[in-house]
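Chemist: Got a predicted model here, sequence first, then my questions.
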Amino acid sequence: MNPERAGDVFIVVAPRGSTDADDRRFLAAAAAWALGVDPRLVRIERNCPHCGGRDHGRPLVAVSPGAGAGTHPLHVSLSRAVGCVAFALTFLGPVGVDIESVADVSRAGFDAVALGQAELTALARLSAPAAGAAAGAADTARARARLWTAKEAVLKCTGDGLRVDPRNLTVSLPGGGGRGSPRLDAWRGADVDVDVDAIRLRDFDPGTALMGAEYVGTALVGTALVGTVAVLGEGRRAADGPTVHIVPNADIRHHLNGPA
């Protein structure tokens, strides 16, 4: 383990590869960067905690013996939206990341299958602010995306995925939709007790993370993206939460060609 990367959470956002395997190889390179080892010694495996399947489920980092990666496990998560992919990496505990296009979660019928009553009420309050209907529509769309990415990040973090009805999770935004990260308030009907205070959520801006990539300004021009990362059991109070560091994808590409 690279001691300089032992704390907090690292986010990498990059253009999507040609195949899912390409994305997993880039995630392996990001994991090697975090571990401070040769990328050729790291691979990404998959494991479903429910059925034990190896062709689906959360990504797991596998390091070749003798790589000198240390004993602390590196937890990772992966998300895709439009033309980009996001990775979350941390030694703190299980992690989940989600990125979404604001437009994709604004389609008709989405709210009915994704949001609970408390969240629908919060969005309704945003729909007609003093600034006017146009500002209200934009604020509502972004708040909806923030709520959804928070839910997806939590369900990836716990390994439940969409086996759980996302309406069973209640997420709130500071000030109803203003600045600051979302909070998981409740989880109804969980098979096991879920300590919602042990799950920390943090927003990040995938669009800003992509700036400088050649891909931006072509396929992603005009696309609004929202991202949230969730971390479980990293030993801090919920009010503190993890610190999120954006790692330029160019740093990971450089690591592919040289030592950490």
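Modeler: The structure has been received and is ready for your questions.

Chemist: and the nearest residue to residue 225 once chain neighbours are set aside, how far is that from residue 138?
Modeler: Leaving aside its sequence neighbours, residue 225 sits nearest to residue 206 (CB to CB, 6 or more residues apart in numbering; 4.1 Å). C-betas here are computed from N, CA, C, even on glycine. Between residue 206 and residue 138 the distance, using CB to CB, to the nearest Å, works out to 17 Å.

Chemist: who has more neighbours, those two?
Modeler: The neighbour comparison of residue 206 against residue 138 (other CB atoms under 10 Å) goes to residue 206, with 27 against 14.

Chemist: Touching, the more buried one and residue 97? I think so.
Modeler: No: with contact defined as CB atoms under 8 Å, residue 206 does not reach residue 97; the gap is 9.8 Å.

Chemist: Now do the shared contacts for the two.
Modeler: By CB atoms under 8 Å, 6 or more residues apart in numbering, residue 206 and residue 97 have these common neighbours: 86, 227.

Chemist: Go ahead and confirm residue 198 touches residue 230.
Modeler: No: Residue 198 is beyond contact range of residue 230, at 10.4 Å (criterion: CB under 8 Å).

Chemist: who has more neighbours, the two?
Modeler: Neighbour count, other CB under 10 Å: between residue 198 and residue 230, residue 230 has more, with 31 against 16.

Chemist: show me what contacts that one?
Modeler: Neighbour list for residue 230: 95-97, 150, 153-154, 156-157, 184, 199-201 [criterion: CB under 8 Å, 6+ apart].

Chemist: measure it to residue 111 for me?
Modeler: Using CB to CB, residue 230 is found at 21 Å from residue 111.

Chemist: try residue 197
Modeler: 27 Å.

Chemist: More neighbours: which of the two?
Modeler: Neighbours per residue (other CB under 10 Å) separate residue 197 from residue 111, with residue 111 holding more: 18 against 12.

Chemist: for the more buried one, helix, strand, or coil?
Modeler: Secondary structure, DSSP: H, G, I helix; E, B strand; the rest coil: residue 111 is helix.

Chemist: contacting residues for residue 105?
Modeler: 114, 141, 144-145, 148.

Chemist: mind redoing it with 10 Å?
Modeler: If you count contacts by CB atoms under 10 Å, 6 or more residues apart in numbering, residue 105 has them with 81, 111, 114-115, 141-142, 144-149, 226.

Chemist: Also residue 227?
Modeler: Neighbours of residue 227 in contact, by CB under 10 Å, 6+ apart: 11, 13, 79, 81, 84, 86, 88, 97-100, 145-146, 149, 153, 202-209, 244, 246.

Chemist: Narrow those residues to those that are buried.
Modeler: 11, 13, 79, 81, 84, 86, 88, 97-100, 145-146, 149, 153, 202-207, 209, 244, 246 (16 or more other CB atoms under 10 Å).

Chemist: In helices, which of those residues fall?
Modeler: 145-146, 149, 153, 206-207, 209 (DSSP state H).

Chemist: so how far is residue 186 from the most centrally placed residue in the chain?
Modeler: Nearest residue to the geometric centre of the chain (CA atoms, centre = their mean): residue 97, 1.4 Å. Per CB to CB, residue 97 is found 22 Å from residue 186.

Chemist: try residue 77
Modeler: Residue 77 is 22 Å from residue 186, by CB to CB.

Chemist: Between those two, which is the more surrounded one?
Modeler: Shown here are residue 77 and residue 186; by other CB under 10 Å, residue 77 has more neighbours (25 against 14).

Chemist: And the helices in this protein, which stretches?
Modeler: 20-35, 110-114, 117-126, 133-158, 206-210, 249-256.

Chemist: Least reliable of those helices by average pLDDT, please.
Modeler: Per-stretch mean pLDDT for the helices of the chain is lowest at helix 206-210 (a mean of 82).
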